[in-house]
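S.K.: how would this look folded up:
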Amino acid sequence: MSDLPDYVLDPNAVLKDNEAAWRLGSPPDYSNTRKFYAKSKTMTHEPGSLPFLVENLVKNWEIEASFKTDLKDWRTIDQEVYTFAMNGGPARTGHHMLEVGTYNALLTASQYYDPAHNDFESSHKSFKRMMPTFAWEVLEVYSGPPVVAFRWRHWGEMKHDYVGYNSSGEKVTIESHGGPIDIQGIVVAKVNDKLQLQKIEVWYDPVEMFRQVGKEATGCPFAKAE
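M.R.: As a prediction, this is how the structure comes out:
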């Protein structure tokens, strides 16, 4: 495995890129998320197996997309051709995700949330405050390079209240229920010979997380809108 890139062997590989332009001035701390992942994951992938490599690639991509502010510093993507799309929507460049943020790139307008009313900073504040650790794992891989299709799971615990702005521009507050949030989906990704991502297509229900966030709310689909 020595000839494979570090970002498919180590989930924290890009956190060692001290010369990169980081959103917070230095690499973020993922230690709590990694601990939560280790104690609550459902899968254990054999080192060097395809699910192991895919899981590490996506974890490093997520770090870069969330925290590296210069696309040239993203090592997990093929700079020339990389695009991202959700549920058959338009293919977006990495620059688009840098502008709107990872959450806004993955969410749609609803009575709970609307990317048009939540910028990069406020979206990350809303979800990271509500769910301090949001772990991710590969469940199954259906095909290998160059087109990799796999099913994934993203989960955490609602530790604090959810606060965000919905499709009407209203501030929505949902009281924390302290329970789990667990969503799943499918990705079809194309990679090059360096296992860098060239194209990502994500398929999942973007409202499912909010259904679980608001599961204890009664009456309206959200606890309080202002």
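S.K.: rest of the way, CA atoms for contacts and neighbours
M.R.: Noted.
S.K.: Pick out the residue closest to the middle of this structure.
M.R.: E62 (5.7 Å; C-alpha atoms, centre = their mean).
S.K.: Please tell me how far whichever strand or helix holds that one is from the chain's geometric centre.
M.R.: Element membership of E62, judged by DSSP states H and E, is helix 50-67. Computed by C-alpha atoms, centre = their mean, to the nearest Å, the separation of helix 50-67 from the middle of its chain amounts to 9 Å.
S.K.: Moving C-terminal from it, which element do we reach first?
M.R.: strand 83-86.
S.K.: What is that following strand packed up against?
M.R.: If contacts are counted by 3 or more C-alpha pairs under 8 Å, 6 or more residues apart in numbering; DSSP states H and E, strand 83-86 sits against strand 197-203.
S.K.: which residues are contacting the next helix or strand after the strand it packs on?
M.R.: Using DSSP H and E, the next helix or strand after strand 197-203 towards the C-terminus is helix 208-213. Where contact means C-alpha atoms under 8 Å, 6 or more residues apart in numbering, the residues beyond helix 208-213 that reach it are Y112, M158, Y162, I174, S176, H177, P180, I181, D182, I183.
S.K.: got a pLDDT number for the residue nearest to the centre of the chain?
M.R.: Confidence at E62, expressed as pLDDT, is 97.
S.K.: from the chain's centre, how far out does stretch 167-181 sit?
M.R.: 19 Å.
S.K.: no no, stretch 180-200
M.R.: On C-alpha atoms, centre = their mean, the centre of stretch 180-200 falls 10 Å from that of its chain.
S.K.: Can you give the contact residues for that stretch?
M.R.: Outside stretch 180-200, the residues that touch it by C-alpha under 8 Å, 6+ apart are 4-5, 8, 75-79, 81-85, 145-158, 201-205, 208-209, 212-213.
S.K.: which outside residues touch stretch 131-149?
M.R.: 32-34, 36-37, 41-43, 50-51, 54-55, 59, 150-160, 186-193, 195.
S.K.: which ones among the residues you listed are found in helices?
M.R.: Judged by DSSP state H, the subset of those located in helices is N32, T33, R34, F36, Y37, L50, P51, V54, E55, K59.
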